[in-house]
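Q: Below: sequence and its predicted model.
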Amino acid sequence: MTACIFSRPKTAVSGKCMKGIFPVARSVLSVPEDGKTSRGSGSAWMARIKKVSGRNCNSGAGVTCRNKHRKTIRKNRKRSAMSRIKWALILFALSVALMYGAIKPTYGGEVRIRLGEPATFAFSPSNYSNLVFYSLIYENFFYHESSGRLRSNLFSNYHYDNSKHTLTLDLRRNLSFSDGSPVTPDHVLKSLESFISRNLLGARKLGKRIRRLQVSGDSIVIELAYHLPDAVFLLAVPELILQADRDNVFSGPFIPVEWEQGRFILLKANSFYPGGRSYLDHVRVIFNDESNPDIFLSTPGRFDAEQFSEYNAGIFQNVYLSFPGDRVGENTRMALFSLFREFFLSQGYSELNALTTDAESPVTINMRRLPLARVRSVLRSSRIQVYLQSSLKREEEQLLDFLKTKGVSIQTRFIEDGQLRNFMEGAHVEYLILEKVFQQRMPLEEKVRRVVSELTFGRFNAQYLQLINELEEVSRFNSDEMLLDQVAKIVGRIIEEGFLIPLCQQRYSMFANRRLRGFYMDLYGRPLLQGMYLP
């Protein structure tokens, strides 16, 4: 090992680095101004000794005085030796610290992360827990870093042509999926088309701006409808992932190898990951408290700060009760609202009396709650089947116990997130419970726009489209008063229609064991484990 530590000013050693040893500063007696250093040089040396001894030897016996001088010299030499030892110990400690810092992270080990159990490996990012899970097995097109820059493991370059209004993505060569099959531009193109077809605000925003998609050699060319030099930032969303054309083939840093339902999913490092192999050998995603997790989601401020670091996820999750079909009677709406709000509050959720958050909304939604006896009376006369997003399946057992305890007969059915829109168009659904994830930093108008565009289903008609367009126009004026007025108008319309009621809200912090190294979270509150390692 080559190490270089300067114990004196650099000029004293001319910046040279010695191999295998560390130069140690020696403690030496000061040289007299006349340059004489020999003991026999006379008065200069004797004056030095007198100064050290603190006595004038001319006044005492010669032999006794010389003996005392010798003792003083021996003491000084002892001090010098001790000083050298101290310096050696200090430099040794510094060398160890430098060596430790220079050691590269080692490969191996397993980290446990506690999340809600997904319904499938097929991508369905309806809630925060799913967003985190799918980020482990699927690769995003781009990552939006906290510095504002974009980073990608899939593309070597991207460039925008001002004259043609085209965004070109150059695919890196020799990329592979988890089974070793090559990643082609066609896979990227189909993944992009799949994203645009989703019932998501980000997908709609991107889709409205794209005129044509095509493959040109190793590149994907996105022809835009108009000049949009920052179009690449529309691709930096967590729902836009690289997918293969076969099931159980993945593109992320880890791949599933074992799933014991109700307990855990074991993931192993993907040796073909475009960003390079993870330092960790395995990630165990656990769904219960059988073993202690290293990383987990929870409400803020609940765990020991000495053992765990707490990170603000920047995410909140809302649960809504929706009535997509024909208008439902007022009593039925209030009965279902009273019943399901009580259930979710018993599971640790917080009340929600606004379309987005209580703090930022200009309109408060107050629904009258019915007592249990009245709820039973209203619901007893109807055969009710409530549909729920599959991401809420984690609550199924507790929900069934709750309904049984309350003496209410309600059938429940879970719908896969990816099939929700098609199911809604082909089936008569009267009652639906679903959840949406929002970023806290997302502007209010963006959140409202997302609720309207993603949750109105068949009701998204010309009137709602006009309200959304007006909201976009108002947001450009930079007037909070005008913005809040327009939001209030939209919320009022939704309340008047009576098809969507906010039930509750869940806020999250991410907790990570302090022993973990290289822990990092992106702007969407997801822990990126590819660079994490164990000490």
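A: Done, it's in. Residues are numbered from 1 along each chain as shown.

Q: all strands in the stretch 151-300 of the chain, in order from the N-terminus.
A: Taking DSSP state E, counting those that start in this stretch as the criterion, the stretch 151-300 of the chain carries its strands at 155-161, 166-171, 210-216, 219-224, 254-260, 264-269, 282-286, 295-298.

Q: Identify the structural domains in the chain and state their residue ranges.
A: According to automatic domain parsing, the chain comprises the domains 10-102, 110-296+510-531, 315-506.

Q: Where do the helices of the stretch 351-500 of the chain begin and end?
A: The residue ranges that make up the helices of the stretch 351-500 of the chain, judged by DSSP state H, counting those that start in this stretch, are 372-380, 396-406, 420-426, 444-455, 462-475, 480-497.

Q: least reliable of those going by mean pLDDT?
A: Ranked by mean pLDDT, the helices of the stretch 351-500 of the chain bottom out at helix 420-426, with a mean of 68.

Q: rewinding a little: most neighbours per residue, which of the helices of the stretch 351-500 of the chain?
A: helix 444-455 (a mean of 21; mean count of other CB atoms under 10 Å). All C-beta spots, glycine's among them, are computed from the backbone N, C-alpha and C.

Q: circling back: out of the domains of the chain, flag the one nearest residue 307.
A: Nearest to residue 307, of all these, is domain 110-296+510-531, at 6.4 Å by CB to CB.

Q: can you give me how far that closest one is from the chain middle?
A: Its chain's average C-alpha position is 12 Å from that of domain 110-296+510-531, according to CA atoms, centre = their mean, to the nearest Å.

Q: for this structure, which spans come out with low pLDDT?
A: 1-84, 86-104, 302-305, 326, 417-418, 421-422, 424-427, 457-461 (pLDDT under 70).

Q: okay, the helices of the stretch 351-500 of the chain in JSON lines with distance to residue 253 next?
A: Shown next, in JSON lines, are the helices of the stretch 351-500 of the chain (distance: least, CB to CB, whole Å):
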{"stretch": "helix 372-380", "distance to residue 253": "47"}
{"stretch": "helix 396-406", "distance to residue 253": "30"}
{"stretch": "helix 420-426", "distance to residue 253": "28"}
{"stretch": "helix 444-455", "distance to residue 253": "28"}
{"stretch": "helix 462-475", "distance to residue 253": "37"}
{"stretch": "helix 480-497", "distance to residue 253": "39"}
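
Q: right, and those helices - which one's nearest residue 365?
A: Using CB to CB, the nearest of the helices of the stretch 351-500 of the chain to residue 365 is helix 480-497, at 6.3 Å.

Q: returning to what we had before: out of the domains of the chain, flag the one nearest residue 308.
A: domain 110-296+510-531 (4.4 Å).

Q: Quick one: end-to-end length of the closest one, please.
A: Domain 110-296+510-531 has its terminal residues 13 Å apart, counting by CA to CA, to the nearest Å.

Q: What of stretch 224-236?
A: 17 Å.

Q: Outside of that stretch itself, which residues are in contact with it?
A: 140-144, 150, 158, 160, 162, 165-167, 202, 205-206, 208-211, 222 (CB atoms under 8 Å, 6 or more residues apart in numbering).

Q: Pull out the buried positions in that stretch.
A: Going by neighbour count (16 or more other CB atoms under 10 Å), the buried part of stretch 224-236 is 224, 228, 231-232, 234-236.

Q: Now tabulate these in TSV and tack on distance to residue 485.
A: Below are the buried residues of stretch 224-236 laid out as TSV (distance: CB to CB, whole Å):
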residue	distance to residue 485
224	32
228	29
231	31
232	34
234	28
235	33
236	31
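
Q: Which single one of these is nearest to residue 180?
A: Taking CB to CB as the measure, residue 180 lies nearest residue 235 of the buried residues of stretch 224-236, at 26.2 Å.
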